[in-house]
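Novice: Turn this into a structure:
(chains A and B)
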2 protein chains.
Amino acid sequence: MSASVARLKHFGWGREGEGLSEDEEAFMLARAEARFGTALTESASAPRLDEIALAAPRIAAPGSLPFCTSGHYDRTAHTYGKSYPELARGLARDYASAPDVVAYPRSESDIAAVLDWAGSADATVTPFGGGSSVAGGVEPRRYGHKGAVTIDLREMGKVKEVDKTSRAALIEGGTYGPALEAQLRPHGLTLRHFPQSFEYSTLGGWIATRGGGHFATLYTHIDDFVESLRTVTPKGVIESRRLPGSGAGPSPDRMMIGSEGILGVITQAWMRLQDRPIYRAGGAVRFNDFFTAARAVRAIAQAGLYPSNCRILDPAEAYNTGAAEGSVAVMVLAFESADHDVEPWMKRARECCADHGGIPEASGVQAHREGAAGVWRNAFIRMPYAMERLILRGVINDTFETAITWERFENFHDAIKNATENAIKEATGRKGEVTCRFTHVYPDGPAPYFTFHALGERGKLGAQWLAIKGAALDAVIENGGTVTHHHAVGRDHRPWYDRQRPPLFAEALRAAKKALDPQGLLNPGVLIDP
Amino acid sequence: MSASVARLKHFGWGREGEGLSEDEEAFMLARAEARFGTALTESASAPRLDEIALAAPRIAAPGSLPFCTSGHYDRTAHTYGKSYPELARGLARDYASAPDVVAYPRSESDIAAVLDWAGSADATVTPFGGGSSVAGGVEPRRYGHKGAVTIDLREMGKVKEVDKTSRAALIEGGTYGPALEAQLRPHGLTLRHFPQSFEYSTLGGWIATRGGGHFATLYTHIDDFVESLRTVTPKGVIESRRLPGSGAGPSPDRMMIGSEGILGVITQAWMRLQDRPIYRAGGAVRFNDFFTAARAVRAIAQAGLYPSNCRILDPAEAYNTGAAEGSVAVMVLAFESADHDVEPWMKRARECCADHGGIPEASGVQAHREGAAGVWRNAFIRMPYAMERLILRGVINDTFETAITWERFENFHDAIKNATENAIKEATGRKGEVTCRFTHVYPDGPAPYFTFHALGERGKLGAQWLAIKGAALDAVIENGGTVTHHHAVGRDHRPWYDRQRPPLFAEALRAAKKALDPQGLLNPGVLIDP
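Specialist: Have a look, this model is predicted:
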């Protein structure tokens, strides 16, 4: 990272100095007060850095690793990701799991040296990209080991090589979204992977967590863009060949993609790129209700049109983000191409919408920046900043995302929504709100994304959150969904992942991990028990 | 399999009673004689079943497994797949590696019972679909174990459930291509996975080998159609959830896809289907030369048009199959949809061709059945029958397929072609022929498919084949390609796969196998050493 960029906050979303504007906060607060029918006053304050007491480091890096530090900011800022229970613990000034040492390696050999030293010092190792995990994926846990080291990849942020002919680039794992796109722009190319965390997450993190990006169809996960990978494990480097496709045994890359730091540190990848789009068509379409909109989405997803965007918001979510007045569901639909006019594609998608009573917004509106789609897009990007402000007033809000096949979707949706609403009432004694949208869609089913809002009680926020989220995930698992579509498993989702993941696959994964990380130091407790 | 279908040949391609017509054989022979500049006379005969002597079985199945047999036909017909060196050994009446027992289980519990018994009898286990492996994937090898059992899945050939809403079906692993499509047709659905071996291969085999299918772009491998899998391992059943997409850890399915029988027996899968296409556009396009055609393919592949077919033949391959007169390269281009007119897609693809001087065939010709595309298609399907006839005259012919990124393609092509041509001259003392086509294409590179023809010497055919194929694969590996794009690794490709596959991935895979198959009985020597 360039030194001109502010450092990441030790509490809350983004970098120091960033947050909601007064207007944005007033809007969020008004919506929250209306929702809970009560004034919400601040009953806590965000922890200042000097308020946080850390235990003395249990281990210290040797002088041969000058890129390591046990500085107060570094240890504090690497204690948590961005999940709600982590925020609640931060609010309680609980930073007990801070790493002893934070390493900022500049090269693979630096990483190998840290892994060697950690092995000899009996320290666990947590790879850290931008720290934007919302699943408890970066908190160091020792599991009986002596110390904890976090490896922050931020110094490995270069696009090392660009191949315009094949439209691919070799990119270091620690490259943040904006830096990645800035380095590709002069070549007329783009990775076009824009998760909500884009500014505060890295290529290696996206790959390790199977992150979901901008494309609502076809190339939904980062997985699809990986051409080859290079990973440093405690046993050495694994590097796959750069290939457009292969059928040579189980894919080595697919073992690393989604491994969430338990097998190694992803240092670089050849990534498939896109030409920057020139042709665009799109807009928002309104539907009577969410299920009707979902049927239109299914028609589009099964038509083989591959829109770049095809997301729907239920009426409450459309209202909460300001995209509609609360009585209609909204579809955000877009096609784009660097090669050809996409109007024939858009025309057919519009017909699919009309078949289900969809009414387009006035067509002069430019899809991405204005109208309902633009309003929603802006709210979507600013949303994470709200959590750290509202928690000071006792609000619990969080999201979870899943996927399910179409024939089960409607019952699934209702079961999840009801279970979550009931859990909110039970955990907090007060009605809350659960809304839903689709973030990605497939010919065989959607990826529904749920948001919930509850009013909790200071000192109990973490436990109340767990009661709500646990009930929601119970329903997800019991009704056949996946515990996560693109937020990853981390430690927050482990109990439900354990119910989803075939037990014998866990055995195989544990054996594979043992072969690469015999001491079990890498991110213990994530995905599988040590 | 229904009893009305003839049984598979014990030597050669397909079922008993099938083969080239006299006209087809005369055409192939004339081309071969012209190629080698000499008359080719038969110097050997295909082995009759009663000419093949098998050693007495080393083990016998217990009476509790009545679906097992040690019959002469069964053991003989399960000795080999369809690779050239296997054919050469069959020609020499060498069936020494015949399995002791062939099992035809009717259920998962039958399979589990076979695995249990094999474990107690110290017998290796080879899963067998249609036996069409061209990579040495189904020959039983004992690696020091006492006996060898082959599990033929042909009795497990049902489509068990169809979900029209999500366009998916639950299909048993032993379902052959034609039976699979016949069971889907009444629902208006199709898997549309048509490998060259379609009639003689099964769903489980396609998944175990990462088979390549009909679609030249986008959905190139069977991998993309797998929604969930059920596999019986010696330690029990692994079943993944039916999900349209997931980000929950490394994909369990991706460990099984391409595992080539070393981890378990794939018993059923939920597969993503297509509506049967109604709209079609396509045709053949002629280009001055292969590389120019390849540049047009690249333009189409990077345009985001996703044609169902976009294959090119070099001039020699177009000549050999009768698709053109030998001076031009031919592209076979097609779009199809069940939803919408594909003319806008085809129009843009035609422009990409015109940009590279491509000249379409007369447009009245219906793309798939007539014209150059139709001629080639027919030759493509009949080709495998030629090998068993020409080998009787000493001809060595085989194919291999790979993939490479675009920026390396032209040099790669020349290096492979030269190395193979030189190896033919060196191994046989006579000029042969090497041709190339693309079978599948990606935005970042093509999958080139090479065919070679050499005139060998009776008694030396296997060794000469190995010298040629080995030199070809040396060049593939040295120049950065993959040892296989969709033919699988088997035992034929192992030495080169070992050079391609990251060594630490082999360690991880070996550990995973040990967790699922502690005795190391499943297909030993395939992918990794026992």
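Novice: Please count neighbours and contacts with C-alpha atoms only from this point.
Specialist: OK.
Novice: ok, now which ones touch residue A:262?
Specialist: Going by C-alpha atoms under 8 Å, 6 or more residues apart in numbering or on different chains, residue A:262 touches A:513, A:522-524, A:526-527.
Novice: what about the strands in the stretch 151-300 of chain A?
Specialist: A:159-163, A:168-172, A:189-190, A:226-233, A:236-239, A:265-272, A:274-275, A:279-287 (DSSP state E, counting those that start in this stretch).
Novice: Format the ones you listed as CSV; extra columns: distance to chain B, mean neighbour count and mean pLDDT.
Specialist: Below are those laid out as CSV (distance: least, C-alpha to the nearest C-alpha, whole Å; neighbours: other C-alpha atoms under 10 Å in any protein chain shown; pLDDT from 0 to 100):
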stretch, distance to chain B, mean neighbour count, mean pLDDT
strand A:159-163, 7, 17, 98
strand A:168-172, 7, 24, 98
strand A:189-190, 12, 22, 98
strand A:226-233, 9, 22, 98
strand A:236-239, 6, 20, 98
strand A:265-272, 7, 26, 98
strand A:274-275, 8, 20, 97
strand A:279-287, 12, 24, 96
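Novice: ok so, going back, among the contacts of residue A:262, which ones lie close to chain B?
Specialist: Under the cut-off given by C-alpha under 8 Å from any C-alpha of the partner chain, chain B has A:513, A:527 from the contacts of residue A:262 close to it.
Novice: Compute the inter-axis angle for the longest helix seen in chain A and strand B:159-163.
Specialist: Ranked by residue count and defined by DSSP state H, the top helix of chain A is helix A:406-428. Helix A:406-428 and strand B:159-163 are oriented at 70 degrees to each other (axes from the mean of the first three to the mean of the last three C-alpha atoms, to 10 degrees).
Novice: Which neighbouring elements make contact with helix A:406-428?
Specialist: Packing partners of helix A:406-428 (3 or more C-alpha pairs under 8 Å, 6 or more residues apart in numbering or on different chains; DSSP states H and E): strand A:433-442, strand A:445-455, helix A:461-478.
Novice: As PDB, could you dump the C-alpha coordinates of the shortest one?
Specialist: Looking back up the chat, that one is strand A:433-442. This file holds the C-alpha atoms of strand A:433-442, laid out as PDB (Å, rounded to 0.1, in the frame of the first residue of the first chain):
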ATOM      1  CA  GLU A 433     -37.100  -6.400  10.500                       C
ATOM      2  CA  VAL A 434     -35.800  -9.000   8.000                       C
ATOM      3  CA  THR A 435     -35.400  -8.000   4.300                       C
ATOM      4  CA  CYS A 436     -34.200  -9.900   1.300                       C
ATOM      5  CA  ARG A 437     -32.500  -9.300  -2.100                       C
ATOM      6  CA  PHE A 438     -30.800 -11.400  -4.700                       C
ATOM      7  CA  THR A 439     -27.100 -10.700  -5.200                       C
ATOM      8  CA  HIS A 440     -26.300 -13.400  -7.800                       C
ATOM      9  CA  VAL A 441     -28.500 -15.700  -9.900                       C
ATOM     10  CA  TYR A 442     -27.900 -19.000 -11.700                       C
END
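Novice: Mind listing what's buried along it?
Specialist: Using 16 or more other C-alpha atoms under 10 Å in any protein chain shown as the test for burial, strand A:433-442 gives A:433-442.
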